[in-house]
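S.K.: I'd like to go over a predicted model; first the sequence, then the structure.
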Amino acid sequence: MGAIDVIVALLLISTIIVGAFAVAGPKVIIVGAGMSGISAAKTLSDAGMKDILILEATDRIGGRMRKASFTGLNVEVGANWVQGVNGLEMNPIWEMASKLHLRKFISDFCNISSNTYKENGGLYPRSKVDKVIEEADKVKSFGEKLSKSLPPGGHEDISILVSQRLKNHVPSTALEMVVDYLNCDYEFAEPPRVTSLQNTIPLPTFANFGKEAYFVADQGGFESLVYDLAGQFLRTTKNNSIIDPRLLLGKVVRDIRHSTSGVTVTTEDGSFYNADYVIVSVSIGVLQSKLIKFKPDLPQWKNLAICQFGMSVYTKIFLKFPRKFWPDGEGTEHFLYASERRGYYPVWQHFEKQYPGANVLLVTVTDEESRRIEQQPDSQTKAEAMEVLRNMFGKHIPEATDILVPRWWSDRFFKGSFSNWPLGVNQYEYDQIRAPIGRVYFTGEHTSQLYNGYVHGAYLAGIDCANMMIKCVKYKTCEYKFKPKDSLQQNIFLYVLLTCMSLLFITAVTYSPKVKNLGNK
Ligand SMILES: Cc1cc2nc3c(=O)[nH]c(=O)nc-3n(C[C@H](O)[C@H](O)[C@H](O)COP(=O)(O)OP(=O)(O)OC[C@H]3O[C@@H](n4cnc5c(N)ncnc54)[C@H](O)[C@@H]3O)c2cc1C
């Protein structure tokens with residue numbers, strides 16, 4: 001063996017050793033490849049924890065960021081807006097969308113009072129709608145002040161509806177209801193009677209990132225953000241297909257066995273995968289549905305916290321027409337239909353700016369209307385939407401030639417659209433949702449400390465969850481600091497006890513010398 005052979009052999013050995021160390025470290029399985037799962041996986045990878053395996057139930061990544069082809073156009077059936085832009089802090093999703101040069105359009109509802117239709121035809125006078133909006137704004141400001149005055153922790157929280165009652169303004173006319181719908185349901189996908197006041201008004205998304213919202217209308221799809229993020233740590237081809245063996249699609253996780261020594265994840269096709277840790281990023285709707293069984297089961301307090309939180313349903317229905325019959329031009333993009341039946345095909349949008357000449361309308365429904373519509377044939381939904389449009393624009397308008405009705409609620413991999421903070425869940429119970437259980441970690445938009453329900457919430461929660469795991473693995477700091485309800489109650493008890501004892505002590509100290517002095521006199 002010559003000197004060169006020795007050098008080559010040494011190089012080879014050192015490469016093997018370095019390679020072995022590169023993949024050394026714990027193996028982590030990530031369940032779900034939506035924004036949160038991918039963001040968690042990337043954070044682990046960036047920290048050197050590259051031995052990861054992502055198991056995704058569907059045949060794609062992106063989860064609730066999903067484009068669909070509709071009459072030759074790619075439309076967003078899931079997330080559409082970058083919410084919270086131009087504020088004090090930079091929304092990370094805005095930064096990513098700007099970096100990728102996604103086409104996006106500011107959403108402006110300033111002119112909505114000129115575009116509000118009566119149930120039986122014709123527009124409301126602008127001044128009348130303005131008055132209702134003004135009144136609703138006053139009630140909202142009242143709610144905001146009230147919300148800030150409530151004690152932290154959430155044990156005295158009230159619903160948005162209760163704050164309206166306190167201000168003696170519960171929307172009751174068709175016009176008041178549609179304005180209320182736009183303010184509340186259109187954002188949270190659930191009515192004011194359900195939604196927590198303290199945790200939604202003011203909303204951290206708008207308070208921190210800014211009041212503006214931008215509508216993404218890019219043929220590559222909003223989901224391209226997730227693909228871009230994934231491409232930063234998973235092997236991809238030149239045309240951006242992911243070919244990394246660490247991502248497995250079509251793997252429906254059904255069973256997670258966990259113990260102090262590791263986890264075993266079993267998928268519907270009978271495969272099983274061993275690892276040191278698992279991160280579960282499925283929606284809270286999926287967690288509530290028990291599609292995934294934990295063995296042993298999650299503790300009672302954890303299951304309770306998961307089941308108490310809200311998974312709302314928000315449905316974007318797209319309709320295609322042979323020609324345009326709605327007004328277009330500046331200030332006409334959004335229009336309202338004020339029905340006596342609250343939430344009946346209420347918020348409409350045309351795409352003259354985004355997709356000129358496409359002749360597509362979008363109508364949004366939520367909650368019970370969404371569930372009802374998901375269960376009926378699309379032809380029935382088209383007939384109902386056409387009747388509403390004819391009420392607004394007259395009998396002469398053409399019939400829609402196509403309709404697209406996404407079904408997020410019926411889909412077992414989502415069970416709804418996004419989480420909404422309901423009345424009755426305090427901060428401590430919310431913290432319990434994201435608390436790890438041994439080697440099982442949880443992420444997803446519903447675990448975001450400030451931004452549940454949003455894409456940026458999903459992204460930031462993924463980072464937080466991965467960092468929690470990194471701290472545990474690398475620095476052996478595995479404690480998750482949260483206060484379960486019991487400990488809160490114990491703290492209150494202790495606080496009262498200590499206060500009483502202190503008062504007794506102060507009284508004793510204050511009065512005993514005086515008694516002595518008196519005696520001396
Ligand atoms: C109609 C709609 C409109 C929205 N509008 C907006 C908006 O305008 N702006 C905004 O910021 N946000 C919006 N959102 C919310 C936003 O899309 C979500 O908050 C975010 O995408 C959630 O990401 P995630 O990773 O937490 O969850 P998901 O995207 O749900 O990812 C979880 C992944 O887990 C997979 N999975 C589920 N079960 C299993 C299983 N058993 N085994 C393996 N994999 C499984 C799913 O297929 C999915 O890919 C909207 C959502 C919807 C549905």
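M.R.: Arrived safely. Being a predicted model, the structure only gives us computed values, none of them experimental.
S.K.: any idea which residue sits dead centre in this structure?
M.R.: The chain has Gly453 as the residue nearest its centroid, 2.0 Å off, counting by Cα atoms, centre = their mean.
S.K.: and it, how far from Thr205?
M.R.: Applying Cβ to Cβ, to the nearest Å, the value for Gly453 to Thr205 is 8 Å. In this view, the C-beta of every residue, glycine as well, is placed from N, C-alpha and C.
S.K.: can you check Asn91 too?
M.R.: Asn91 is 8 Å from Thr205, where distance means Cβ to Cβ.
S.K.: repeat that for Ser114.
M.R.: Using Cβ to Cβ, Ser114 is found at 27 Å from Thr205.
S.K.: these two: who's more crowded?
M.R.: Legend: neighbour count by other Cβ atoms under 10 Å for Ser114 and Thr205, higher for Thr205 (25 against 16).
S.K.: helix or strand for the closest residue to that one other than its chain neighbours, which one?
M.R.: Of all residues not flanking Thr205 in the chain, Gly84 sits nearest, at 4.1 Å (Cβ to Cβ, 6 or more residues apart in numbering). Using DSSP states H and E, Gly84 falls within strand 81-85.
S.K.: for that strand, output the C-alpha coordinates as CSV.
M.R.: Taking Å, rounded to 0.1, in the frame of the first residue of the first chain, the C-alpha atoms of strand 81-85 are listed here in CSV:
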residue,chain,number,x,y,z
TRP,A,81,-54.9,36.1,2.7
VAL,A,82,-51.7,37.2,4.4
GLN,A,83,-53.4,38.6,7.4
GLY,A,84,-51.7,41.3,9.4
VAL,A,85,-49.4,43.5,7.2
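S.K.: show the subsequent helix or strand relative to it.
M.R.: helix 92-99.
S.K.: and the angle for that next one with strand 81-85?
M.R.: 110 degrees (axes from the mean of the first three to the mean of the last three Cα atoms, to 10 degrees).
S.K.: pLDDT below threshold where in the stretch 1-150 of the chain?
M.R.: In the predicted model, the stretch 1-150 of the chain carries pLDDT under 70 at residues 1-25.
S.K.: circling back to that earlier point, overlap in contacts, Asn91 and Thr205.
M.R.: Counting by Cβ atoms under 8 Å, 6 or more residues apart in numbering, the contacts common to Asn91 and Thr205 are Gln83, Gly84, His456.
S.K.: and of these, the nearest to the ligand?
M.R.: Ranked by distance to the ligand (Cβ to the nearest ligand atom), the shared contacts of Asn91 and Thr205 are led by Gln83 at 4.9 Å.
S.K.: since we're on the closest one, how many residues are nearby?
M.R.: 26.
S.K.: and it, bridged to which residues?
M.R.: With DSSP bridges as the criterion, Gln83 is bridged to Ala213.
S.K.: where do the helices sit along the stretch 301-450 of the chain?
M.R.: Remark: helices assigned in the stretch 301-450 of the chain by DSSP state H, counting those that start in this stretch are 367-374, 378-393, 427-434.
S.K.: nearest spatial neighbour of Thr71, skipping sequence neighbours?
M.R.: Lys320 (4.6 Å).
S.K.: over to Tyr181?
M.R.: Pro346 is the one closest to Tyr181 (Cβ to Cβ, 6+ apart), at 5.0 Å.
S.K.: ok, now which ones touch that neighbour?
M.R.: By Cβ under 8 Å, 6+ apart, the residues touching Pro346 are Val178, Tyr181, Leu182, Tyr186, Leu336, Tyr337, Ala338, Ser339, Thr364, Val365.
S.K.: let me see the contact set for the last one.
M.R.: The reference is to Val365. Thr315, Ile317, Gly343, Tyr344, Tyr345, Pro346, Ile373.
S.K.: swap the cut-off to 7 Å and go again
M.R.: Taking Cβ atoms under 7 Å, 6 or more residues apart in numbering as the contact definition, Val365 lies against Thr315, Ile317, Gly343, Tyr345, Ile373.
S.K.: equivalent analysis for Ile160, please.
M.R.: Contacts of Ile160 by Cβ under 7 Å, 6+ apart are Gly143, Cys184, Pro192, Thr195, Leu197, Ile201.
S.K.: 10 Å instead?
M.R.: Shown in contact with Ile160 (Cβ atoms under 10 Å, 6 or more residues apart in numbering): 139-140, 143, 147, 180, 183-184, 188, 190-198, 200-201, 423.
S.K.: between the contacts of Val365, which sits nearest the ligand?
M.R.: Set against the ligand, the nearest of these by Cβ to the nearest ligand atom is Thr315 (6.7 Å).
S.K.: that closest one touches Glu368, doesn't it?
M.R.: No - the pair Thr315 / Glu368 is not scored as a contact, 11.1 Å apart, by Cβ atoms under 10 Å.
S.K.: residues from the stretch 251-400 of the chain in reach of the ligand?
M.R.: Within reach of the ligand by Cβ under 6 Å from any ligand atom, the stretch 251-400 of the chain has these residues: Val252, Val253, Ser281, Val282, Ser283, Val286, Leu291, Ile292, Tyr314, Lys316.
S.K.: change it to 8 Å
M.R.: Residues of the stretch 251-400 of the chain that fall close to the ligand, judged by Cβ under 8 Å from any ligand atom: 251-254, 267-268, 281-283, 286, 291-292, 314-316.
S.K.: mind checking which of those are buried?
M.R.: Neighbour-count burial (16 or more other Cβ atoms under 10 Å) is assigned, among those, to 251-253, 267, 281-283, 286, 291-292, 314-316.
S.K.: farthest pair within the residues you listed?
M.R.: Thr267 and Lys316 (30.7 Å; Cβ to Cβ).
S.K.: and Ser448, how close does it get to Ser39?
M.R.: Ser448 is 11 Å from Ser39, by Cβ to Cβ.
S.K.: helix or strand: which one has the residue nearest to the centre of the chain?
M.R.: Short version: Gly453 belongs to no helix or strand, going by DSSP H and E.
S.K.: which ones are touching it?
M.R.: Counting by Cβ under 10 Å, 6+ apart, Gly453 has contacts 83, 187-189, 200, 203, 205, 310-312, 314, 417-421, 445-446.
S.K.: same check, this time on Val265
M.R.: Counting by Cβ under 10 Å, 6+ apart, Val265 has contacts 29-31, 53, 55, 251, 253-258, 271-275, 278, 280, 292.
S.K.: among those residues, the buried ones, what's the ChimeraX command?
M.R.: Typed into ChimeraX, the line below selects the buried ones among the contacts of Val265, using 16+ other Cβ under 10 Å:
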select :29,30,31,53,55,251,253,256,257,258,273,275,278,280,292
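S.K.: now intersect the contacts of Val265 with the strands, please.
M.R.: 29-31, 53, 55, 253-258, 272-275, 278, 280 (DSSP state E).
S.K.: from the contacts of Val365, which two are the most distant?
M.R.: Ile317 and Gly343, at 13.1 Å, using Cβ to Cβ across those.
S.K.: any shared contact partners between the two?
M.R.: Counting by Cβ under 10 Å, 6+ apart, the contacts common to Ile317 and Gly343 are Thr364, Val365, Ser370.
S.K.: quick check: pLDDT value at the last one.
M.R.: Looking back up the chat, that one is Ser370. Looking at Ser370, its pLDDT stands at 98.
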